[in-house]
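Trainee: Next come a sequence and a model predicted from it.
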Amino acid sequence: MRIETKRLILRKLEESDLERLFKMDSDPEVMKYIGVPPVTDKRESEEMIKMIQKQYEENGVGRLAVVEKETGTMVGWSGLKLITKEVNGYQNVLELGYRFVQEAWGKGYAVESGIASLDYGFNELKADTIYAYAHSEHDASNYILRKLGFEKTGEFEEPDGICFWYEVNREKYVQ
């Protein structure tokens, strides 16, 4: 699977993404609101790639590597995944997520890749509703979700604090 936007390519994660994924997931600032500590061993990033590749096979969808067209550099991941373990009372629903290396912050990549992912979810996967959540203190992520058209519909508690729950419906999503 491959999705192209004006500046980005979204494609399946590959073993060759290991270094960039480790760079991102070992950065304490990137991981600040994720609810898990930064990774400290590249084997953890290898396992993450394998887990996401397994999601592609089992669920037909999973987070995608985000690559800058101009540089060919992987700058993060974005996209939909099927929530198979209950989150906030929901299960077996599509959830949008994204994570980027610090040098990619502030460039609009989360919004650009988010629009492409929502388009894919509504038009190709025929989803009626797509969900997302973000830590209540993660102002940038909450802003991005609202900019993408998500509406906050609830809150739930995680070990590291309160998360806001969002949804966007096919009828309300207009790009």
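Mentor: Right, received. Where do you want to start?

Trainee: going forward, measure contacts between C-alpha atoms and count neighbours the same way
Mentor: Will do.

Trainee: counting contacts, what elements does the longest helix along the chain pack onto?
Mentor: When the chain is scanned for its longest helix (criterion: DSSP state H), the result is helix 42-59. Packing contacts for helix 42-59, counted by 3 or more C-alpha pairs under 8 Å, 6 or more residues apart in numbering; DSSP states H and E, involve helix 18-25.

Trainee: Which residue comes closest to Leu21 once chain neighbours are left out?
Mentor: Residue nearest to Leu21 in three dimensions, not counting chain neighbours: Ser45, with 6.4 Å by C-alpha to C-alpha, 6 or more residues apart in numbering.

Trainee: you'd agree Val66 is up against Leu10?
Mentor: Yes: assessed by C-alpha atoms under 8 Å, Val66 is found in contact with Leu10 at 4.7 Å.

Trainee: So between these two, which is more surrounded?
Mentor: Val66 (29 against 25; other C-alpha atoms under 10 Å).

Trainee: Now the more buried one: which helix or strand?
Mentor: Assigned by DSSP states H and E, Val66 belongs to strand 64-68.

Trainee: quick one, that strand and helix 18-25 angle?
Mentor: If you take axes from the mean of the first three to the mean of the last three C-alpha atoms, to 10 degrees, strand 64-68 sits at 100 degrees to helix 18-25.

Trainee: check contacts around the residue nearest to Tyr90 when sequence neighbours are not counted.
Mentor: Using C-alpha to C-alpha, 6+ apart and skipping residues adjacent in sequence, the residue nearest Tyr90 is Ile83, 7.9 Å away. Applying C-alpha atoms under 8 Å, 6 or more residues apart in numbering to Ile83 gives the contacts Tyr90, Gln91, Asn92, Val93, Leu94, Glu95.
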